[in-house]
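*Asks:* Sequence unavailable; structure follows:
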């Protein structure tokens with residue numbers, strides 16, 4: 001059974017630098033094991049997104065690539081902090 005999405009962040013039609021800053025803030029506020037679906041378009045925005053998401057803190061669940069005149073969809077799950 002798939003876990004429901006806890007957060008949706010839509011980057012389509014937004015100004016990339018501001019939207020990515022807002023996304024970073026939302027990622028920080030997520031609780032462990034919560035899932036965020038990120039929707040966007042444009043290869044440069046996707047590349048920026050993949051650079052700002054810390055792989056040590058998030059697990060990529062899936063990426064639905066964009067098709068012509070379409071959008072991509074990425075689902076991330078927030079990982080727990082490593083125990084020392």
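*Replies:* Received, thanks. All of these numbers come straight from a predicted model, not from anything done at the bench. Numbering: from 1, shown residues only.
*Asks:* List the residues that contact residue 19.
*Replies:* residue 11 (C-beta atoms under 8 Å, 6 or more residues apart in numbering). Glycine gets a C-beta too; all of them are placed from N, C-alpha and C.
*Asks:* again, only this time at 10 Å
*Replies:* By C-beta atoms under 10 Å, 6 or more residues apart in numbering, residue 19 lies in contact with 9, 10, 11, 12, 13, 40, 45, 48, 49.
*Asks:* Okay, it and residue 39: tell me how far apart.
*Replies:* 11 Å (C-beta to C-beta, to the nearest Å).
*Asks:* Throw the contacts of residue 19 into TSV and include pLDDT, thanks.
*Replies:* Output for these, formatted as TSV (pLDDT from 0 to 100):
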residue	pLDDT
9	92
10	90
11	85
12	84
13	81
40	84
45	70
48	79
49	79
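*Asks:* sorry, back to before: list the residues that contact both of residue 19 and residue 39?
*Replies:* What both residue 19 and residue 39 touch, as defined by C-beta under 10 Å, 6+ apart, is the set 9, 10, 11, 12.
*Asks:* Separate out the buried members of the residues you listed.
*Replies:* Buried members of the shared contacts of residue 19 and residue 39, scored by 16 or more other C-beta atoms under 10 Å, are 9, 11.
*Asks:* Now flag whichever of the shared contacts of residue 19 and residue 39 is closest to residue 27.
*Replies:* Using C-beta to C-beta, the shortest approach to residue 27 within the shared contacts of residue 19 and residue 39 belongs to residue 9, at 8.7 Å.
*Asks:* helix or strand for residue 45, which one?
*Replies:* helix 43-52 (DSSP states H and E).
*Asks:* Work out the sheet partners of the helix or strand following that helix and label each with its direction, please.
*Replies:* Heading C-terminal from helix 43-52, the first helix or strand you meet, by DSSP H and E, is strand 58-64. Paired strands of strand 58-64, with direction, are strand 72-78 (antiparallel) (DSSP bridges).
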